[in-house]
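Engineer: build me a structure from this.
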Amino acid sequence: MPGVDVCVVGAGPVGLTLAIGLRGLGLDVRVVDRAPAAKREARALVVWPRAAEALDALGVAGTLRRHGVELGEVTIHGGGRALGRLATGWHRSAHSRPLNIEQHDIERLLSAELAKLGTEVEWDTEVTDVKVHDDRAEYTLTRPDGSAESATAAWIVGCEGTASVVRDRLGIPFQGRRRAGLQVVQGNAHADWPYGYHPGHGHIFLAPRRSLLVFPLPGGGFRFFCFRDDPDPTLTAPPTLGELRDLVAETARLPHLRLAPTEPVWLNRARFSDRVAARLRCGRGLLAGDAAHAWAPVGGHGMNVGMLGAHNLAWKLAAVHRGEADERLLDTYDTEQRALALRYIHEMRLNFMELPLPPLGYHAFTAAVPLALSLKRFQQRLDWQLSDLGRNHRHSALSWRRSPAGRASDGRRGPRAGDRMPDAMVTAGDPAAGPVRLHELLRYDTWTLVVDAARAADGAVRRALEQRCTDGPVPVRLLPVTPAYASEARLLGRSGELRLVRPDGYVGLVAPVDRPECLDAYLASLAPQAPRTPHTPHSPSSPSATAQ
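Structural biologist: This is a model prediction of the structure:
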């Protein structure tokens, strides 16, 4: 029998998020990392709203928020003058603004949360070989003293970065190519400059062939992050503080700028490839984070997409492991996460706010920025895109829309199948308790059937829905709600529709309340196709073709 339920390889933000999700769902998890100890490298800086919601569902977002700084506004500069300001927090969420917190702090805090759940990270422990079988994964661990250990797990997940041993041993190609002509120079420093230090305020400086992002750090000082052309690709050494100062001074037109290093000192030069694994699952082996997909850090979403993938994977892996769902559920992790990564790579190639532009493109873009930033609708749309709240799985095999007879599925009222369920203000249960955010009522350990409370007041309707929730293969809870205000109704959808919300907060099924057979069919599609024990699931098969 396998030694543990899941072995997670890599204790970065993605591996730790996955492990916390799995432990919260009752699985036995082992986490190993070849690093000698928790890292002190700064690296990623921003947790965007949707990733914060995912961490909130796992019970750890509050810890990160207490150690970070919410970014409320960014001033855009070009040609030595301010072009306008971009505000954040336009959209409904308990985490509507991006959170600045350095990656090594995220890892430290998540490691501590995981330890509370009974799992300590095994540092200085490298996975050197992996083999997957129908009922288990075998892996070999080596340590600095040369000792080796052969171990087994029901599942193994590679979260150990772009040079993934798990991906290599599973024989999965890492498809893509290097990003030519782009160099990233970054570092943390205290600045003696005219803009002061305001924790919730950042800056973007635009110049020909340069784009400089400056964001406040929680402990004081700034992260200077410069996308630039790559005139000397042979230069690989980290920049000196003097080189960073000159680059910032020239881009921001601040000749008298002075920088002082932070503690710890962190300066970095990097070039990147845009790559996505050909598949994220090979039987009992899976990939997440940079082992699954990586791209140039334009937009700063790489870590966030990885954590959202871990949030997507943990509940699916637990359901399959417990024998509640068929292994095809894991195939939807593959298709959903790969599609998300490929969309980001495409969109970030069009991010002209951060990509270095040639002189003609720079002048055209900066001429348009003041007008664009003066438009509320532009600000809202850009914030929606950056926040990741609008990311969806509409084309997933798990996203079903069943329309009432004679009514087209126009999708103009409420979330569509595959969308994130909005965080509307609702009343549930005792109206005297007052309004509450819908996301506070959703849970990561169960599916939630959201229906209009007035429709659920019909005894026959409620009994039919409750019976199906009880009889389904996966845990489902019925949640009758009422919009707290008239303006909230559009966020919940038509009162005659039910919405089955996945544990990760996305809508799986939209169907008429008076057609419970649609719910029957959806839940039946999740059920294991043949009897088996939780530790010996079926071999992989294609996702269901019944979705619309």
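
Engineer: domain map for the chain?
Structural biologist: What automatic domain parsing lists as the domains of the chain is 4-45+102-173+276-348, 183-270, 400-526.

Engineer: comparing those domains by mean pLDDT, which bottoms out?
Structural biologist: Among these, domain 400-526 has the lowest mean pLDDT, at a mean of 91.

Engineer: got the end-to-end distance for it?
Structural biologist: In domain 400-526, first residue to last residue: 12 Å (C-alpha to C-alpha, to the nearest Å).

Engineer: same deal with stretch 46-64?
Structural biologist: Length of stretch 46-64, first residue to last, C-alpha to C-alpha: 11 Å.

Engineer: try stretch 425-442
Structural biologist: Using C-alpha to C-alpha, one end of stretch 425-442 lies 13 Å from the other.

Engineer: hmm, who's touching it?
Structural biologist: Stretch 425-442 has contacts (C-beta atoms under 8 Å, 6 or more residues apart in numbering) with 53, 56-57, 93-94, 421-424, 448, 450, 453, 479-485, 488, 492, 501, 505. The C-beta positions use only the backbone N, C-alpha and C, and glycine is treated the same way.

Engineer: how does it look with 10 Å?
Structural biologist: Residues from elsewhere that reach stretch 425-442, judged by C-beta atoms under 10 Å, 6 or more residues apart in numbering: 53, 56-57, 92-95, 420-424, 448, 450, 453, 477, 479-485, 487-488, 491-492, 501-505.

Engineer: if we can go back for a sec, of all the domains of the chain, which one is nearest residue 82?
Structural biologist: Closest approach to residue 82 among those (C-beta to C-beta): domain 183-270, 9.1 Å.

Engineer: give the contact list for the closest residue to residue 374 other than its chain neighbours.
Structural biologist: What sits nearest to residue 374 in space, not counting adjacent residues and going by C-beta to C-beta, 6 or more residues apart in numbering, is residue 84, at 6.6 Å. Going by C-beta under 10 Å, 6+ apart, residue 84 touches 74, 75, 76, 77, 78, 369, 370, 371, 372, 373, 374, 379.

Engineer: just the ones in helices from these, please.
Structural biologist: Among the contacts of residue 84, DSSP state H puts 369, 370, 371, 372, 373, 379 in helices.

Engineer: of those, just the buried ones, PyMOL syntax please.
Structural biologist: In PyMOL, this line selects whichever of the ones in helices among the contacts of residue 84 come out buried by 16 or more other C-beta atoms under 10 Å:
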select buried, resi 369+372+373+379
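
Engineer: turn the ones in helices among the contacts of residue 84 into a markdown table, including distance to residue 522.
Structural biologist: Shown next, in a markdown table, are these (distance: C-beta to C-beta, whole Å):
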| residue | distance to residue 522 |
| --- | --- |
| 369 | 46 |
| 370 | 49 |
| 371 | 46 |
| 372 | 42 |
| 373 | 44 |
| 379 | 38 |
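
Engineer: ok, so what distance separates residue 91 from residue 463?
Structural biologist: As for residue 91, its distance to residue 463 is 37 Å (criterion: C-beta to C-beta, to the nearest Å).

Engineer: mind checking what secondary structure the spatially most central residue of the chain has?
Structural biologist: What sits nearest the mean C-alpha location of the chain, by C-alpha atoms, centre = their mean, is residue 308, with 2.5 Å. Under DSSP: H, G, I helix; E, B strand; the rest coil, residue 308 falls in the helix class.

Engineer: can you give me the helices in the stretch 351-500 of the chain?
Structural biologist: Assigned by DSSP state H, counting those that start in this stretch, the stretch 351-500 of the chain shows helices spanning 359-373, 376-387, 453-456, 459-471, 489-492.

Engineer: quick one: closest of those to residue 164.
Structural biologist: Closest among the helices of the stretch 351-500 of the chain, using C-beta to C-beta: helix 376-387, at 28.0 Å.

Engineer: coming back round to it: and of the contacts of residue 84, the nearest to residue 387?
Structural biologist: Sorting these by how near they are to residue 387, with C-beta to C-beta, puts residue 379 at the top with 12.0 Å.

Engineer: and residue 91 and residue 463? which has more neighbours close in?
Structural biologist: residue 91 (16 against 10; other C-beta atoms under 10 Å).

Engineer: what sits closest to that one if chain neighbours are left out?
Structural biologist: residue 389 is the one closest to residue 91 (C-beta to C-beta, 6+ apart), at 5.5 Å.

Engineer: that neighbour against residue 54, yeah?
Structural biologist: No: the pair residue 389 / residue 54 is not scored as a contact, 11.3 Å apart, by C-beta atoms under 10 Å.

Engineer: quick one: the strands in the stretch 1-150 of the chain?
Structural biologist: With strands called from DSSP state E, counting those that start in this stretch, the stretch 1-150 of the chain shows them at 4-9, 29-32, 46-47, 69-70, 73-78, 81-87, 99-100, 126-132, 137-142, 148-158.

Engineer: want to try a markdown table for these, with distance to residue 300 as columns?
Structural biologist: Output for the strands of the stretch 1-150 of the chain, formatted as a markdown table (distance: least, C-beta to C-beta, whole Å):
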| stretch | distance to residue 300 |
| --- | --- |
| strand 4-9 | 24 |
| strand 29-32 | 25 |
| strand 46-47 | 5 |
| strand 69-70 | 15 |
| strand 73-78 | 12 |
| strand 81-87 | 14 |
| strand 99-100 | 10 |
| strand 126-132 | 29 |
| strand 137-142 | 32 |
| strand 148-158 | 23 |
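
Engineer: residue 120 is nearest to which of these?
Structural biologist: Ranking those by proximity to residue 120 (C-beta to C-beta) places strand 29-32 first, at 7.9 Å.

Engineer: chain center to stretch 124-134, what's the gap?
Structural biologist: 26 Å (C-alpha atoms, centre = their mean, to the nearest Å).

Engineer: for stretch 89-104, that is, sorry about that
Structural biologist: Distance of stretch 89-104 from its chain centroid, counting by C-alpha atoms, centre = their mean, is 12 Å.

Engineer: output that stretch as PDB, nothing but the C-alphas.
Structural biologist: Output of stretch 89-104 as PDB, limited to C-alpha atoms (Å, rounded to 0.1, in the frame of the first residue of the first chain):
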ATOM      1  CA  GLY A  89     -10.600  47.600  -6.100                       C
ATOM      2  CA  TRP A  90     -13.400  48.300  -8.500                       C
ATOM      3  CA  HIS A  91     -15.000  44.900  -8.200                       C
ATOM      4  CA  ARG A  92     -16.900  42.900  -5.600                       C
ATOM      5  CA  SER A  93     -14.600  40.800  -3.500                       C
ATOM      6  CA  ALA A  94     -13.400  40.600   0.100                       C
ATOM      7  CA  HIS A  95      -9.900  40.900  -1.500                       C
ATOM      8  CA  SER A  96     -10.600  43.500  -4.200                       C
ATOM      9  CA  ARG A  97      -7.100  45.000  -4.200                       C
ATOM     10  CA  PRO A  98      -3.800  43.400  -5.000                       C
ATOM     11  CA  LEU A  99      -1.600  42.500  -2.000                       C
ATOM     12  CA  ASN A 100       2.100  43.300  -2.000                       C
ATOM     13  CA  ILE A 101       4.000  40.600  -0.100                       C
ATOM     14  CA  GLU A 102       7.300  39.000  -1.100                       C
ATOM     15  CA  GLN A 103       7.400  35.400  -2.100                       C
ATOM     16  CA  HIS A 104       9.800  34.300   0.700                       C
END
